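A structural model of the following input is requested.
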Amino acid sequence: MNEIVEIIRSFPIIAALRHYEYLDEALHSQANVIFLLGGDIFSIGDVVNKIKAQDKIAFVHADLIDGLGRDRVAMEYIAKTIKPDGIISTRSSSIKYAKEVGLFSIQRFFLVDSQGLTTGVHEVRESMPDAIEVLPGIIHDKTGIIASQVRQPVIAGGLVEKKDDVIMALKAGAIAISTSKRELWFLE
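Prediction:
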């Protein structure tokens, strides 16, 4: 698990794909890690294989794959059939199941208000994911607060569109950012 964190740190910009139209661009980018934020059970395995063939790390958002349930069997299917390096989920139960089947898990939560921050930190402490992703990733002072309150590495995601956003998120304590903004995948 630490190896994945070190790979994430080595180029702290994660390519996030909702659709596969920019997959080739992500595969040829500087990004070592690709988040797949959509897809279905018929195509996601082939996409993960393409990512891994390029020696990149593939994460699938378990909540956003069409055709999958939300139980332990679904997580076993992901681990045994799709074979990503890890999963992303907003659900504590999915994080638990992912850990049971040996997948690196990233718990994603949204900061909509101060209660969301408190609830998110509490859930992270309960479910103990390997990393967390905080959205939106441009609320840098809150990213810093979260990074100081949890043991897990923090990834800032959502609305990260400029190089300055990346720099500020990293200074706030995030180990990386995730973004669909393709220009950022090629930053030097």
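
which strand runs longest in this protein?
The residue-count maximum for a strand in the chain (DSSP state E) belongs to strand 104-110.

can you pull out the residues in contact with it?
1, 4, 59, 61, 85-90, 92, 94-95, 98-99, 116, 119-120, 123-124, 127, 129-136, 155, 157 (Cβ atoms under 8 Å, 6 or more residues apart in numbering). Where you see a C-beta, it was placed from the backbone N, CA and C, and this is true even at glycine.

change it to 6 Å
Under the criterion Cβ atoms under 6 Å, 6 or more residues apart in numbering, residues 1, 4, 85-88, 90, 95, 98-99, 120, 124, 129-133, 135 lie in contact with strand 104-110.

quick one, what contacts the closest residue to residue 140 other than its chain neighbours?
Nearest non-adjacent residue to residue 140, counting by Cβ to Cβ, 6 or more residues apart in numbering: residue 172, 4.1 Å away. With contact set as Cβ under 6 Å, 6+ apart, residue 172 has these partners: 140, 143-144.

repeat the analysis, applying 7 Å as the threshold.
By Cβ atoms under 7 Å, 6 or more residues apart in numbering, residue 172 lies in contact with 140-141, 143-144, 147.
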